[in-house]
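Novice: okay, predicted coordinates and the sequence, questions at the end:
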Amino acid sequence: MPVEDREWHDGVMERAEAPEVWDLPIVGYRVVTIEFSGRIGIVAYGTRSEDERYAPSTGLYFGGGFVLNDHSGVTHSLDATLPWDSLTPLLALRHLTVVSASADADSHIEVKFDDGSSLFAGPQPPYENWELVGPRGLNLVGMASGGDPRISGKLG
């Protein structure tokens, strides 16, 4: 983001205006798989239409730190680089349905589920901390430095 788009507040440089926010086309998708590998993946499927051979799918992948707010209001600060047994709260997301999902021009992403749970991640240098793949060719990658995520495909 250009420096002219930022202002100083109490010694901290901040964006002068709220970042642009995009609604992500995954509302109604249901979590089917939680993947534990080099990064953590939450895979969800939408409803297949009559003209589609397969149901549309999406994968949200985390390579570092992110937050899970569970259905009871407990906040879990999780990190894909830590031992997998610290990530077990993610298993509660299986079979939940996405009720809202958004990303912003500062490389933050938030996904909310039908039981009140939510996932949130932002930039985390030195690497891209999160990536949303699909549906229908969408690829959205949160940048390590913040600022506009890399986007290919269509957001809508």
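Specialist: That came in fine, so what should we check first? Residues are numbered from 1 along each chain as shown.
Novice: when you work out contacts or count neighbours from here on, use the C-alpha atoms and nothing else.
Specialist: Noted.
Novice: any idea how far residue 150 is from residue 95?
Specialist: 29 Å (CA to CA, to the nearest Å).
Novice: I should have written residue 108 there, sorry.
Specialist: 24 Å.
Novice: of those two, which one has the most company?
Specialist: residue 108 (23 against 15; other CA atoms under 10 Å).
Novice: once you drop chain neighbours, what's closest to that one?
Specialist: residue 122 (4.1 Å; CA to CA, 6 or more residues apart in numbering).
Novice: now do the same contact list for the one you found.
Specialist: 66, 106, 107, 108, 109, 129, 130, 142, 146 (CA atoms under 8 Å, 6 or more residues apart in numbering).
Novice: okay, those in JSON lines with pLDDT, secondary structure and distance to residue 38 next?
Specialist: Formatted as JSON lines, the contacts of residue 122 follow (pLDDT from 0 to 100; DSSP: H, G, I helix; E, B strand; the rest coil; distance: CA to CA, whole Å):
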{"residue": "66", "pLDDT": "97", "secondary structure": "strand", "distance to residue 38": "15"}
{"residue": "106", "pLDDT": "94", "secondary structure": "coil", "distance to residue 38": "25"}
{"residue": "107", "pLDDT": "95", "secondary structure": "coil", "distance to residue 38": "21"}
{"residue": "108", "pLDDT": "96", "secondary structure": "coil", "distance to residue 38": "21"}
{"residue": "109", "pLDDT": "97", "secondary structure": "strand", "distance to residue 38": "20"}
{"residue": "129", "pLDDT": "95", "secondary structure": "coil", "distance to residue 38": "12"}
{"residue": "130", "pLDDT": "97", "secondary structure": "strand", "distance to residue 38": "13"}
{"residue": "142", "pLDDT": "94", "secondary structure": "coil", "distance to residue 38": "17"}
{"residue": "146", "pLDDT": "89", "secondary structure": "coil", "distance to residue 38": "22"}
